[in-house]
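Trainee: Here is my input, please return the structure:
(chains A and B)
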Amino acid sequence: MSRHGADRGAPILALGRNLVVSIRDDLDDQAIVELQDRLTEEISRRRAEGVIIDVSRLDVVDTFAGRMIGALAKMSRILDARTVVVGVRPAVAMTLVELGMTLGEVETALNLDRALEILAGSKSR
Amino acid sequence: MTEESNELSTLVAVLRADYDAILDEWLAAQSDEGVRRTELFSEREIRDQSRSVLSAIQDALTGNGEFRLESEDWEPVKDLLKTISQERVDRGGTIEESTRFILTLKQPMFEHLKRHFRSRIEDLLDEIWLSSRIIDQLGMYTMRVFLEERDAVIRRQQAEMMDLSTPVVQVWDGIVALPLIGTLDSERAQMVMENVLEAIVEREALIAIIDITGVPAVDTLVAQHLIKTAAAIRLMGAECVISGISPRIAQTIVHLGVDMPEVVTRGSLESALQYAFQTIGLTVRGK
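Mentor: Below you'll find the model as predicted:
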């Protein structure tokens, strides 16, 4: 079942003590719920210190997607994992701002490298 | 009656018979009316233009049937007038000159019709009416293409101005700056946002400085745009610094009741740069 879910939904990769999850356009409600399940599960199982949410393959956003990103970040933080959103495209950033979703509580980075730097604490913002 | 089937036949006969004289008189009329601008076009160019237009009109008249500017017969004439108008726009001619260029053809045309129909006053009136109609429509067409061409020039310049008005410069590795000059309307503010976000991706910038030294006034709308831009920049994973805030603008922002909580502001570009260096962990040392 979880095998099947992993194929269908977003993959979660482990990178040292960090987890990387990539979000795509085609995630439906079911896949989102499933992703939240898996991500929280993985964080507590691996005692992850950081979570990187990669949205670089997200071309279109709506309030739903914005809320989902915010929710994933909050859940991770409650589980004591620092969360960084990376790869927000210009068009996506503009849409989110127009929708009034500035994700103020979430840390952001331009790319994976920067996110890893932030999580390593070498460059705290 | 043959005249019914081809109302243009008499006109073309007159034109063909007196072609050279009409051309000469047209050129003379152009200089009399001050349409010939020798600083814009040489005598020769004007002569060539007039001759080709007149020949094209003659050809168009030869095509059978009645006069319709939309018909295929008149395409060559319209193309010619279009080219000539466009050239006049490029060289700084006025719309009046451009239109009168064709309208001055009336005088020699009427003159020659008069000679041919001296005794037949009704035919003369008919032919004058017809040629007047043709030349007027050509004149209106010229005016239209002149305006269209001018509009195109304006649009081109507007686009160029837009590009020029939102330049993004890389000041340092990881730092981009965007000096804004002039009023910020919604369209421009949108361009600013797009350009700065693109630049952040392209240059992998950590900090974007928006310098508003050259912005004369800030109202609620502009402040709103700046806040939005800052929020979008943060979402991309960079930080936004707004610099060049004059004492007066600082007062306005407070009086307007605009809250800029997440935005880092600095008085001058210099201090913004200092802040940027600090943030990315650089120090500037004198030698």
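Trainee: Kindly state the domain boundaries assigned to chain B.
Mentor: Domain segmentation of chain B under automatic domain parsing yields B:2-162, B:169-279.
Trainee: tell me which parts of chain B are close to chain A?
Mentor: Proximity of chain B to chain A, by Cβ under 8 Å from any Cβ of the partner chain, involves residues B:193-194, B:197-198, B:200-201, B:204-206, B:228, B:231-239, B:262, B:281. For the C-beta atoms, the positions are set from N, CA and C on the backbone; glycine is no exception.
Trainee: Narrow those to those in helices?
Mentor: Judged by DSSP state H, the residues of chain B next to chain A include B:Met193, B:Glu194, B:Leu197, B:Glu198, B:Ile200, B:Val201, B:Lys228, B:Ala231, B:Ala232, B:Ile233, B:Arg234, B:Leu235 as members of helices.
Trainee: Give me the buried entries from those residues.
Mentor: Neighbour-count burial (16 or more other Cβ atoms under 10 Å in any protein chain shown) applied to these gives B:Met193, B:Glu194, B:Leu197, B:Ile200, B:Val201, B:Lys228, B:Ala231, B:Ala232, B:Ile233, B:Arg234, B:Leu235.
Trainee: Those residues: which two are farthest apart?
Mentor: B:Val201 and B:Lys228 (17.9 Å; Cβ to Cβ).
Trainee: Show me the shaky parts of the chain.
Mentor: Since no chain was named, I'll use chain A. For chain A, the stretches with pLDDT under 70 are A:1-9, A:122-125.
Trainee: wrong chain, I was asking about chain B
Mentor: For chain B, residues meeting the criterion pLDDT under 70 lie at B:1-7, B:34-39, B:64-65.
Trainee: For chain A, what's its nearest residue on it.
Mentor: B:Leu197 (3.5 Å; Cβ to the nearest Cβ).
Trainee: would you list every one of the helices in the chain?
Mentor: You didn't say which chain, so I picked chain A. A:2-8, A:29-46, A:63-78, A:90-98, A:112-120.
Trainee: Hmm, no, I was thinking of chain B.
Mentor: Here chain B has its helices, by DSSP H, at B:2-5, B:9-17, B:19-32, B:43-62, B:75-90, B:95-103, B:106-116, B:121-165, B:186-203, B:220-235, B:247-255, B:269-279.
Trainee: Find the residue at the geometric middle of chain A.
Mentor: In chain A, the C-alpha nearest the mean C-alpha coordinate belongs to A:Ile53, at 2.3 Å (Cα atoms, centre = their mean).
Trainee: contacting residues for it?
Mentor: A:Val21, A:Ile23, A:Ile69, A:Leu72, A:Ala73, A:Thr83, A:Val84, A:Val85, A:Val86 (Cβ atoms under 8 Å, 6 or more residues apart in numbering or on different chains).
Trainee: Can you lay out those residues as a markdown table showing distance to chain B?
Mentor: Formatted as a markdown table, the contacts of A:Ile53 follow (distance: Cβ to the nearest Cβ, whole Å):
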| residue | distance to chain B |
| --- | --- |
| A:Val21 | 16 |
| A:Ile23 | 14 |
| A:Ile69 | 10 |
| A:Leu72 | 15 |
| A:Ala73 | 12 |
| A:Thr83 | 13 |
| A:Val84 | 8 |
| A:Val85 | 8 |
| A:Val86 | 6 |
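Trainee: quick one: which of those has the most company?
Mentor: Most neighbours among the contacts of A:Ile53, by other Cβ atoms under 10 Å in any protein chain shown: A:Val84, with 26 neighbours.
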